[in-house]
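> What follows is a predicted protein model with its sequence.
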2 protein chains.
Amino acid sequence: MAKYPGVSMMVTRRLPRYYRCLEDLIQKGVERISSREFAQIIGFTASQIRQDLNCFGGFGQQGYGYNVSVLYQEIGRILSVDREYPAILVGAGNLGLALVNHMGFQQKGFKLTGIFDKNPSIIGKIVGGWPVCDVEEMGAFCKAHKPVAAALCVPDSAALEVAERLVRNGVRGFWNFTHHDLSLLYKQEDVAVENVYLGDSLMTLTFLVTELIEE
Amino acid sequence: MAKYPGVSMMVTRRLPRYYRCLEDLIQKGVERISSREFAQIIGFTASQIRQDLNCFGGFGQQGYGYNVSVLYQEIGRILSVDREYPAILVGAGNLGLALVNHMGFQQKGFKLTGIFDKNPSIIGKIVGGWPVCDVEEMGAFCKAHKPVAAALCVPDSAALEVAERLVRNGVRGFWNFTHHDLSLLYKQEDVAVENVYLGDSLMTLTFLVTELIEE
DNA sequence: TAGATTGTTAATCGATTAACAATC
DNA sequence: TAGATTGTTAATCGATTAACAATC
């Protein structure tokens, strides 16, 4: 059973925003904050912040507000960013490598445990401390290391096949950079999918810019 | 004045999905499609599809449905993906390079016209056909080439300064990969911001996976 | 205690879905 | 013409905002 069954996707997606914002506040030495001040900084309404937080518990105190570091810890716990779920990267192209080098998988709930690619000219190279392995070894690796999630940076054409293979091997979450909506595939089964459609994001910007500059 | 002033962000963000899905259908040789069939494939409801499309015009025909290639063209036009707005990339680290090499800026409304970085060891290298230039040259470059948009792949700490410099030089849109919410900064001014919070996206997945696997 | 600010309920707003008349 | 499916209006649903009593 899910710990927070009633929580909407809207609220879920705001949690990381709160978390990061609180991190900044700690950095700046802020100890307490009211929903009103918080709202100003983060760009939501005070009502929404209080409403959101109360999905998970009463972390504030009337007349005082919220203790920044307490709230930070609480949201971190809710997000489970202190976990180290074993995760793998499939597809060590430009984007995949950028994610490994640029992003901290750790401190975001995951621990990278393997990198896989199909391209023989990449296999064997060391990336972010890990040798790139042949995708053919992926099945055996999963049986041994039981990765919980996978970052999918393979070409669109390979997305479905790779995803299905991983699900058969116990992977329960995808950070999906392909353009195949995997959440459609796994609606029934218990697989979490976070789609990152970079192409769509750029096209959205195109639309917005055009709306702005075309008279 | 905006061409489509009443269109919500919700609808806007679905447009690229429609566009890509139609592309796939064309590839598969599908000529016509009803909102019902389309809904099945894309994972929305038929009502929503018809509602969405009618924000922009009546592209269908009663009793027939939608002509796939006509609809594809129409949505492409609405999104302005056939434009070639001059755009630059600032920050040629792993992520920036991945975007240049992996993404097609062209065919998504933009044309990359320059790449900038602060790091002397990167400056001068050729990436995606363009030499990486010193950020110090950015002002002069903007005056000469008038880029309309910028992909921001600089460290968080540099985000605000770079963004402000670019806005002063006429940039009207940001594809923002930093964790500073630029849309907060330019609420009043006419600057479009598409925030891509990869870290938040990964934390969201962490939350979803935890909800799934913790009993 | 008095002032401040939460937690929570009620009101509003917007987005999605359902229904159906218009029409190809 | 009859069948199918749109465009569009009305109903529902969910998310955001406002309000205020509870309480630190």
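Happy to help now that I have it. Numbers count the residues shown, from 1 in each chain, chains lettered A, B, ... in the order given.

> use CA for all of it now, contacts and neighbours both
Fine.

> A:Pro147 in helix, strand or coil?
coil (DSSP: H, G, I helix; E, B strand; the rest coil).

> ok, it touching A:Ile88?
Yes: the pair A:Pro147 / A:Ile88 is scored as a contact, 6.5 Å apart, by CA atoms under 8 Å.

> Contact distance from DNA strand C - what residues of chain A qualify?
Residues of chain A that fall close to DNA strand C, judged by CA under 7 Å from any atom of the strand: A:33-36, A:46-47, A:50-51, A:53-54, A:57-66.

> Sort out for me which of those residues are in strands.
Under the assignment DSSP state E, the residues of chain A next to DNA strand C contribute A:33, A:60-61, A:65-66 to strands.

> lowest confidence element among the helices and strands of chain A?
Of the helices and strands making up chain A, the lowest-confidence element is helix A:182-185, at a mean of 89, by mean pLDDT, DSSP states H and E.

> Describe which strands whichever helix or strand comes after that helix pairs with in its sheet and in which direction.
Proceeding N to C from helix A:182-185, the next assigned helix or strand is strand A:192-195, under DSSP states H and E. Next to strand A:192-195 in the sheet, as set by DSSP bridges, lie strand A:173-176 (parallel).

> So, low pLDDT: which residues of chain A?
A:215 (pLDDT under 70).

> quick one: the helices in it?
Listed in chain order, the helices of chain A (DSSP state H) span A:9-27, A:35-42, A:46-53, A:68-79, A:94-102, A:138-145, A:156-168, A:182-185, A:198-213.

> which of these sits most buried?
Mean neighbour count, computed with mean count of other CA atoms under 10 Å in any protein chain shown, is highest for helix A:198-213 among the helices of chain A, reaching a mean of 22.

> Identify the contacts common to A:Pro147 and A:Ile88.
Counting by CA atoms under 8 Å, 6 or more residues apart in numbering or on different chains, the common neighbours of A:Pro147 and A:Ile88 are A:Thr113.

> hang on, A:Gly199 packs against B:Met103?
Yes: with contact defined as CA under 8 Å, A:Gly199 reaches B:Met103; the gap is 7.2 Å.

> quick one on the thing from earlier: do you know which of the helices of chain A lies nearest B:Leu97?
Between B:Leu97 and the helices of chain A, the tightest spacing by CA to CA is seen for helix A:94-102, at 7.3 Å.

> And that closest one, what does it pack against?
Counting contacts by 3 or more CA pairs under 8 Å, 6 or more residues apart in numbering or on different chains; DSSP states H and E, helix A:94-102 is packed against strand A:126-127, helix B:94-102.

> please redo it, this time with the cut-off set to 10 Å
Applying 3 or more CA pairs under 10 Å, 6 or more residues apart in numbering or on different chains; DSSP states H and E, one finds that helix A:94-102 contacts strand A:85-90, strand A:110-117, strand A:126-127, strand A:149-152, helix B:94-102.

> ok, and which of the ones in strands among the residues of chain A next to DNA strand C reach DNA strand D?
When contact is defined as CA under 7 Å from any atom of the strand, these meet DNA strand D at A:Gln61.

> Would you mind listing the two of the ones in strands among the residues of chain A next to DNA strand C that lie farthest apart?
Maximum distance among these (CA to CA): 10.6 Å, for A:Ile33 and A:Gln61.

> shared neighbours, the two?
Both A:Ile33 and A:Gln61 are in contact with A:Asn67, where contact means CA atoms under 10 Å, 6 or more residues apart in numbering or on different chains.

> The two: which is more packed in?
The neighbour comparison of A:Ile33 against A:Gln61 (other CA atoms under 10 Å in any protein chain shown) goes to A:Ile33, with 18 against 10.

> how about a markdown table for the ones in strands among the residues of chain A next to DNA strand C, with distance to B:Trp130 added?
Listed next are these as a markdown table, based on distance: CA to CA, whole Å:
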| residue | distance to B:Trp130 |
| --- | --- |
| A:Ile33 | 47 |
| A:Gly60 | 52 |
| A:Gln61 | 55 |
| A:Gly65 | 51 |
| A:Tyr66 | 49 |
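
> residues in contact with A:Pro86?
So A:Pro86 contacts A:105-106, A:109-114, A:145-150, A:171 (CA under 10 Å, 6+ apart).

> DNA strand D is nearest to which of the helices of chain A?
With CA to the nearest atom of the strand, the closest approach to DNA strand D among these belongs to helix A:46-53: 3.8 Å.

> Please see if that closest one touches chain B.
No: shown here: helix A:46-53 not in contact with chain B (CA under 10 Å from any CA of the partner chain), separated by at least 15.0 Å.

> Work out the gap between that helix and the centre of the chain.
Relative to the chain's own centre, helix A:46-53 is displaced by 22 Å; criterion: CA atoms, centre = their mean, to the nearest Å.

> now stretch A:206-215
30 Å.

> again with stretch A:27-47
Centroid separation between stretch A:27-47 and its chain, computed with CA atoms, centre = their mean, is 23 Å.

> Pull the contacting residues for the closest residue to A:Phe38 other than its chain neighbours.
Using CA to CA, 6 or more residues apart in numbering or on different chains and skipping the chain neighbours, the partner closest in space to A:Phe38 is A:Ala46 (7.2 Å). By CA under 10 Å, 6+ apart, A:Ala46 lies in contact with A:34-40, A:52.

> what about 8 Å?
A:Ala46 neighbours (CA under 8 Å, 6+ apart): A:35-39.

> now, which of the residues you listed sits nearest B:Glu189?
Nearest member of the contacts of A:Ala46 to B:Glu189, counting by CA to CA, is A:Ala39, at 20.4 Å.

> Stretch A:75-83: end-to-end distance?
13 Å (CA to CA, to the nearest Å).

> can you give me how far that stretch is from the chain middle?
Computed by CA atoms, centre = their mean, the chain-centroid distance of stretch A:75-83 equals 12 Å.
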